[in-house]
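J.: Just to be clear, the model below is a prediction. Sequence and coordinates:
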Amino acid sequence: MAGGARLAADIDAFQAHLRDERRLAALTRRHYGRDLAGFAGHLESAGIEDWEAVRSHHVRAWISRDHRRGLSPRSLQRQLSAVRGLFRYLQREGRVDTDPAADIQAPRAGRSLPATLDVDTTARLLDPPAGEAPTDALQCRDRALFELIYGAGLRLAEVAALNLDDTGPQPQELRVTGKGARTRIVPVGRKARAAVADWVAQRHTLANAEETALFVSRRGRRLSHRAIQARLNDRARRQGLDRPVHPHMLRHAFATHLLESSGDLRAVQELLGHADIGTTQIYTHLDFQHLAEVYDRAHPRARRK
């Protein structure tokens, strides 16, 4: 087998490992596959045809090249994660002895605060205008969908993957499968429960008989990520919001509003399904930002004349 084909075959085997053993999301696997294909191409151009021959300077040269081409620090970090994961797999298989990327650091990315919505804007987005109630199945579906994302702090992939048997008629709690196939139980608020109940009562008018998804399209099949994003953005426009809104903003709003009210970072971590509390700590910065705004408005020494 030629060197390039041998490298590609090992990448394919690693991809199968990510799918079957580590159960990574399809999107993550696609990113890793693209990154590793680029790395293999870089190695071939340098005359490297076997993973055993890869040294740290080959990895640094690849990362430096893509950095010069303008690739973001976050993407460079993902590339290094892909290479490290591959070499851990090859070490386990007895194919290599060391990981040449182990000590290489990507340029540090500045940590930006996630875009979120305040309580009033969230209510304006989710609540129908006064005196108006959802009338058809699609309206009921969208209301249930967005109330559930905000009411339970779900990721886009998590809400899209929900099945009908994950809920009861008015679910008090929900079993959610998140990143890394980790399962968590989350409570469901009053408004989300009512909205889901209204939708489930009408779901049969759209869903195909064999479809298991909780949320379905007008064609009766599981609602896609893109469709959910488009419906939410359309709703934001119709409700008069002056900016695009994506589903993760509702998840951020869920976390921010809980933390502002409770101050319980550990509980927010559990509800969001974060494996590392360091990920959740970004919301302490959002919470401080909120407090700083209150201070600037209210304190006699902070108010502008």
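T.: Here it is on my side, so go on.
J.: CA only for contacts and neighbour counts going forward, please
T.: Noted.
J.: List the contacts of the residue nearest the centre of the chain.
T.: Note on the chain: the residue nearest the mean C-alpha position is Arg155, at 5.5 Å, using CA atoms, centre = their mean. Neighbouring residues of Arg155 by CA atoms under 8 Å, 6 or more residues apart in numbering: Ile149, Gly178, Pro247, His248, Arg251.
J.: same check, this time on Ala181
T.: Taking CA under 8 Å, 6+ apart as the criterion, Ala181 is in contact with Arg23, Leu24.
J.: That one and Glu21, how far apart?
T.: According to CA to CA, to the nearest Å, Ala181 stands 11 Å off from Glu21.
J.: Would you list the phi and psi of Val54?
T.: When read as degrees, to the nearest 10, the backbone of Val54 gives phi -80, psi 130.
J.: list the contacts for it?
T.: Leu43, Ile48, Pro100.
J.: quick one, strands of the stretch 201-305 of the chain?
T.: Using DSSP state E, counting those that start in this stretch, the stretch 201-305 of the chain contains no strands.
J.: Below-threshold pLDDT in it: ranges please.
T.: Along the stretch 201-305 of the chain, segments meeting pLDDT under 70 span 263, 275-305.
J.: can you pull out the helices in the stretch 1-150 of the chain?
T.: Here the stretch 1-150 of the chain has its helices, by DSSP state H, counting those that start in this stretch, at 3-20, 26-45, 56-68, 73-92, 119-126, 137-152.
J.: Buried deepest among the ones you listed, which one?
T.: Most buried of the helices of the stretch 1-150 of the chain, by mean neighbour count (mean count of other CA atoms under 10 Å): helix 137-152, with a mean of 22.
J.: counting contacts, what elements does whichever helix or strand comes after that helix pack onto?
T.: For helix 137-152, the succeeding helix or strand toward the C-terminus, using DSSP states H and E, is helix 156-161. Applying 3 or more CA pairs under 8 Å, 6 or more residues apart in numbering; DSSP states H and E, we find helix 156-161 packed against helix 137-152, helix 225-238.
J.: Turn the helices of the stretch 1-150 of the chain into CSV, including mean pLDDT and distance to Ala227.
T.: Listed next are those as CSV, based on pLDDT from 0 to 100; distance: least, CA to CA, whole Å:
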stretch, mean pLDDT, distance to Ala227
helix 3-20, 87, 25
helix 26-45, 91, 17
helix 56-68, 89, 33
helix 73-92, 92, 26
helix 119-126, 87, 17
helix 137-152, 90, 11
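J.: picking that back up, dump the helices and strands packed on helix 156-161 to CSV, plus distance to Glu93.
T.: Listed next are the helices and strands packed on helix 156-161 as CSV, based on distance: least, CA to CA, whole Å:
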stretch, distance to Glu93
helix 137-152, 41
helix 225-238, 36
